[in-house]
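Participant: sequence unavailable; structure follows:
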């Protein structure tokens, strides 16, 4: 990354990407697809094919700071302290804590998700009374934790936000439902089930919500291609984009 | 995916009803249906309302179990307008994403773009570097958009309760707002005007005076709408104490926006968690404490008046804040000194002359920036803004590449629509129309 050439150094300085030492970079798993490997963008240089498919599992150290920065202990530390006090097996329940871009994320083991969420809602010093929704992310290369269920919580009382993230493997896509704690997650969990196939145990009626009831597959997963079904138009059948003749 | 077998399913195959007798009212004599229903001696009636029903704001399907005129059970079916915008965005560059997400909630395109761009800027870590002028233009466009969106809400509201005058007046005023959008961005809707790093182009000459005319005209017109509605006995009879949802209900169901503010809680992200410099503007957060449809109407009317105040302050600030409207960082910012050409497309003549005439390096850079796009460091960010319908948030995940890894929108229409059964069960069947109208869902945003 670093160069002896002052001109190149200046260029890299202006590049705004976070500086990484050579060793750190080597440790990251990289998906190489060859010089002109990208199949779906106008990637003319091929560098788009050199994508770090799996970001390293970072874990923040104290002090966590606040939304403004991590120079000194701030509201994120308060939230973590209170949660540690209120959840008896905090060390077991929380896999890691990430502070990134002014946002606090707790990676919660799925078996503890419902307890942690209930504590987040009920504890007066935490009081995250509003759930801003559930979102799913599919990381096919994150072995044993391919599917992530991401919950954003908002505390109107303290004017704070926090993110809970629970993971589950593709082979056993089960995460406990948060509907008993936050009734608003009803439709959000149906949507995440519809798009990713995460089964929320304890959900009152986990059915598809956006796709037709008889749809096969979960469209937002990374192994599901864009527009993956053939379309019939005026008697002719047009194959999906990934099955069409290609010159790559 | 080619190996997947799609099981055959015939939706139109004759299926036995799970219970009771099904009457198909497809063209036969209505008297026969009524007589048949009387024979059964069953008071319970399951009605399928929508998805093609004029009062359902697009393609919303309501499945109502009625006992006489009383709604015993209301279920909401959505998904008829799902277009896979979130999936599509994963296959385009970060900048092209705005072109997709602007089409979600088609009555509030500027908000969709801004929520997405704020998230991308947060991921890039350039929030502080977005020029002041770009932020002011964003605020001004958002507030104009809030007015146009609320006008449609109130216009369709009137229409659904049976008043075409309200509808026509609301849409006329909205049209003047859309004229401003066309003047500034080139398009009335789906503008893709807000881009990561700033906005696509500066205000054209003459836009300021047009906005001033609009500001002169609007207060009187809003007053006229108020005269038509505020004390109208028919309107009040249809809306007062109807579709009650209190603060506890809003919290449990995640409801935000005017519905939440009609319960008396002044929760507005522009005030409580400011973005785009909203902390520098002087405005109030209107609330009502009636928790009903009429309160939500009043909140929307008051919000439009507050928005006019903000637009006026924006104009004053724009006079002082000269400068670029796109981030200085050439690795991110597209050339923004655009002028709308004869073909309606934006080009920057100086930039074109530079890349085509004098600098091969600049041409290559421009080509790569436009075709391949910039890279965003890996990570995730969530940026919420106050859209006309409530908290609109974009959860954006990057894997370090030139395309988003995952974009998820927390759409207020989607969330608020969940409150329909809580608002309408136990009420009259006519009130469910008022309940849905007071949520003001936009199906393009609900289904994405």
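Facilitator: Right, received. Where do you want to start? Predicted model only: the values in this text are computed from it and were never measured.
Participant: list the contacts of the closest residue to chain A within the stretch 151-300 of chain B.
Facilitator: Proximity to chain A, evaluated over the stretch 151-300 of chain B using CB to the nearest CB, is greatest for residue B:254 at 3.0 Å. For glycine as for every other residue, the C-beta is placed from the backbone atoms N, C-alpha and C. Taking CB atoms under 8 Å, 6 or more residues apart in numbering or on different chains as the criterion, residue B:254 is in contact with A:130-133, A:182, A:184-185, B:415, B:418.
Participant: per-domain residue ranges of chain A.
Facilitator: Domains of chain A are assigned by automatic domain parsing as A:1-32+A:47-55, A:57-248.
Participant: tell me the confidence at residue 28?
Facilitator: Let's take chain A. Reading off the confidence values, residue A:28 has pLDDT 56.
Participant: wait, chain B was what I had in mind.
Facilitator: 61.
Participant: what's the helix or strand for the residue lying closest to residue A:62 once chain neighbours are set aside?
Facilitator: With CB to CB, 6 or more residues apart in numbering or on different chains as the measure, residue A:77 is the residue that lies nearest to residue A:62, at 6.7 Å, once sequence neighbours are left out. Using DSSP states H and E, the element containing residue A:77 is helix A:75-86.
Participant: would you mind measuring from the residue in chain A positioned nearest to chain B to residue B:443?
Facilitator: At 3.0 Å from chain B, residue A:184 is the closest residue in chain A, using CB to the nearest CB. Counting by CB to CB, to the nearest Å, the gap between residue A:184 and residue B:443 amounts to 19 Å.
Participant: buried stuff in stretch A:214-224?
Facilitator: Residues of stretch A:214-224 classed as buried by neighbour count (16 or more other CB atoms under 10 Å in any protein chain shown): A:218-222, A:224.
Participant: er, stretch A:195-215 actually
Facilitator: If you call a residue buried by 16+ other CB under 10 Å, then stretch A:195-215 has these buried ones: A:195-200, A:203, A:206, A:208-211.
Participant: do that stretch and chain B meet?
Facilitator: Yes: in this structure, stretch A:195-215 sits against chain B according to CB under 8 Å from any CB of the partner chain; the contacting residues are A:208-212, A:214.
Participant: what's the first-to-last distance across that stretch?
Facilitator: 11 Å (CA to CA, to the nearest Å).
Participant: and the contacts of that stretch?
Facilitator: Stretch A:195-215 is touched from outside by A:114, A:136, A:138, A:147, A:149, A:168, A:173-180, A:186-187, A:189-194, A:218-221, B:7, B:9, B:11, B:78-79, B:82, B:447-448, with contacts defined as CB under 8 Å, 6+ apart.
Participant: just give the nearest non-adjacent residue to residue B:327, would you?
Facilitator: Distances taken as CB to CB, 6+ apart put residue B:197 closest to residue B:327, at 3.6 Å, once the chain neighbours are dropped.
Participant: contacts for stretch B:78-93?
Facilitator: Outside stretch B:78-93, the residues that touch it by CB under 8 Å, 6+ apart are A:40-41, A:208-212, A:219-220, A:226, B:51, B:58-61, B:97, B:99-101, B:103-104, B:372-374, B:402-409, B:414, B:417, B:443-444, B:446-448.
Participant: which of the residues you listed fall in helices?
Facilitator: Filtering those for membership in helices, criterion DSSP state H, returns B:97, B:99-101, B:414, B:417, B:443-444, B:446-447.
Participant: near chain A, from the residues you listed?
Facilitator: If you filter those for contact with chain A, counting by CB under 8 Å from any CB, you are left with B:414, B:417, B:447.
Participant: buried subset of these?
Facilitator: Listed as buried from those are B:414, B:417, B:447; burial here means 16+ other CB under 10 Å.
Participant: quick check, nearest of the residues you listed to residue B:228?
Facilitator: Sorting these by how near they are to residue B:228, with CB to CB, puts residue B:417 at the top with 27.5 Å.
Participant: ok, that closest one - contacts?
Facilitator: The contact partners of residue B:417, by CB under 8 Å, 6+ apart, come to A:187, B:60, B:76, B:78, B:436, B:439, B:441, B:446.
Participant: hmm, residue B:75 and the second one touching each other?
Facilitator: Read that as residue B:60. No: assessed by CB atoms under 8 Å, residue B:60 is found out of contact with residue B:75, at 11.4 Å.
Participant: which other residues reach whichever helix or strand comes after the helix holding residue A:77?
Facilitator: Per DSSP H and E, helix A:75-86 leads on to helix A:90-93 as the next helix or strand towards the C-terminus. Applying CB under 8 Å, 6+ apart, the set of residues contacting helix A:90-93 from outside is A:83-84, A:87, A:108-109, A:112, A:115-116.
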